[in-house]
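>>> The sequence and its predicted three-dimensional model are supplied below.
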Amino acid sequence: MSRILDQPYSLNLQVTSVLSHLAAFPHPHLHEYLLDPYLNLAPGCRSLFSVLVRVIGDLMQRLQRVPHARAKLLLVRRQLLGLVPGEQMDHTVLFKGVVVLEEFCKELAAIALVKGHPKPHSPFPSNTPPPPPPP
C-alpha cells in the first residue's frame, strides 16, 4: 500500500481489493488494526492509517512539482472511465495511483460507517417477531 503511487494500476486494484475485504471481515482485531486511526502502536509498527497518512504526504509533495496536476488528474479519471482515448502523458502511473487511493479511502470510509453504525432500535424484543402487516 505504501507504494500505491508508483505501482501499476492493476496491482493497486488487487492490493486495495484485498485490504477492503479484510476491513469488511467481521473480526475485532482486523477492524481495530485497519480502521482505527487512534490505535496505539509499538515503536516502528505501522497501521493502515499511518501508511495512508505517509502516502498522502508524499503525494502532496509530488503534486507540487507536476505542472497542471489538476487537469492531468481529471484527464486520467476520464480515461479510466473510457470517456476519452487513453493517450500517454507524464505521471500517468502517479495519477492512476491517486484515483485508486481516492476510491479506496471512500470504500474504507463506507466500511467503517457500516461496521461502526449501531443497529436501529426495534420496539420489539429480539426474541419476539414483529406483528404481521395489516391486511
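Yep, it's here.
>>> Contacts only, for residue 87.
Residue 87 makes contact with residue 79 under the criterion C-beta atoms under 8 Å, 6 or more residues apart in numbering. Where C-beta positions appear, they are placed from N, C-alpha and C, glycine not excepted.
>>> and it, what pLDDT?
Looking at residue 87, its pLDDT reads 78.
>>> correct me, but residue 24 touches residue 112?
No. The pair residue 24 / residue 112 is not scored as a contact, 9.9 Å apart, by C-beta atoms under 8 Å.
>>> what's the helix or strand of the chain with the lowest mean pLDDT packed up against?
When each helix and strand of the chain is scored by mean pLDDT, DSSP states H and E, helix 28-35 comes last, with a mean of 91. Other helices and strands packing on helix 28-35, by 3 or more C-beta pairs under 8 Å, 6 or more residues apart in numbering; DSSP states H and E, are helix 9-24, helix 48-64, helix 92-116.
>>> Mean pLDDT and distance to residue 73 for those helices - can I get that in CSV?
Compiled in CSV, the helices and strands packed on helix 28-35 are given as follows (pLDDT from 0 to 100; distance: least, C-beta to C-beta, whole Å):
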stretch, mean pLDDT, distance to residue 73
helix 9-24, 97, 14
helix 48-64, 96, 9
helix 92-116, 94, 5
